[in-house]
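Colleague: Quick one, what's the 3D model for this:
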Amino acid sequence: MTYTPTIYDWPGTVVPVNQVFRAGGLSIMGGMTLGGASVENPEPGGRGELVLEIAPIANADANLAASWLSSRMLNGAVLRIPLFQPTVQIVADSVLGGSTSAGVLWSNGFGWAGNVPWRFDPAASVTAVAAKGASSFVVNLTSLGQVLAIGHVIGFHTAGYDFAHIVTDIAYDATNQATVSINPPLRRALAVSDPMKFRPIMLATCTNARDAMTNFRFGTSMTFNPLRLVEALV
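Modeller: Take a look at the predicted model:
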């Protein structure tokens, strides 16, 4: 029987103020053997990792959401986390011909920092089949030009799951068809015309959940330590 995890949306009232996405070479600590040897569980190509710093949480609704989030993280829940803006790791709205003001809010009526709507959700089409586990794919950037560069983070949404990848190399042809190398590798196969998203979302679990919440003063004002979130392999 295939296990299908419950995936929880990151609450829009818990607002990141700093973030960095990185990938490759990551292994997850697996504990100690009976013989006293340290065990790690490496993943081919590494897992994606997101480090978040969270803004101070002031109002009652946000603190309630933060307390729920703290418990969910402690229980190893899989979280659906959009990379917030602005960040140099995401291609800017102005470069793609849009604005966050054209986007929408979360279902609870909130946006990200400054209540900015999340999307505007620009995408470009994949132009060649790519297998699960591949470390590169081809995308059509003819209408946009050479907007994608090494270090940008892009994403895919496949069969209800979200995946984020950092661009490690890129080559354009004369018509701006781009061959993009990525890390971590593709978690699902790509078909022709699948959308490559410029606004990536990742599925992750928190690896430092027990140390995440630092304070809940008078039960009304929660603060978080920096959160270390690792890609959930779904």
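
Colleague: Now name the helix or strand holding residue 72.
Modeller: Secondary structure from DSSP states H and E places residue 72 in helix 60-74.

Colleague: Would you list the strands that whichever helix or strand comes after that helix pairs with, along with their directions?
Modeller: Remark: after helix 60-74, the chain's next helix or strand is strand 78-82, criterion DSSP H and E. Note on strand 78-82: by DSSP bridges, its sheet partners are strand 7-9 (parallel), strand 201-206 (antiparallel).

Colleague: Pick the most deeply packed of those.
Modeller: When these are scored by mean count of other CB atoms under 10 Å, the highest mean neighbour count falls to strand 201-206 (a mean of 22). Using the backbone N, CA and C atoms, a C-beta is placed for each residue, glycine as well.

Colleague: That one - what's its average pLDDT?
Modeller: Strand 201-206 comes out with an average pLDDT of 95.

Colleague: Contacts for that strand, please.
Modeller: If you take CB atoms under 8 Å, 6 or more residues apart in numbering as the criterion, strand 201-206 is touched by 7, 21, 48, 50, 73, 76-83, 155, 157, 161-164, 212, 227-232, 234.

Colleague: repeat for stretch 181-192
Modeller: 23-24, 43-48, 125-137, 154, 156, 158-159, 161, 163, 165-170, 231, 233-234.

Colleague: which among those end up buried?
Modeller: Among the contacts of stretch 181-192, the ones that count as buried by 16 or more other CB atoms under 10 Å are 23, 43, 45-48, 126-127, 130, 135-137, 154, 156, 158, 161, 163, 165-167, 170, 231, 234.

Colleague: distance of the residue nearest the centre of the chain from residue 48?
Modeller: With distances taken as CA atoms, centre = their mean, the chain has residue 202 as the residue nearest its mean C-alpha position (3.0 Å). Distance from residue 202 to residue 48, counting by CB to CB, to the nearest Å: 6 Å.

Colleague: Okay then, goodbye and thanks.
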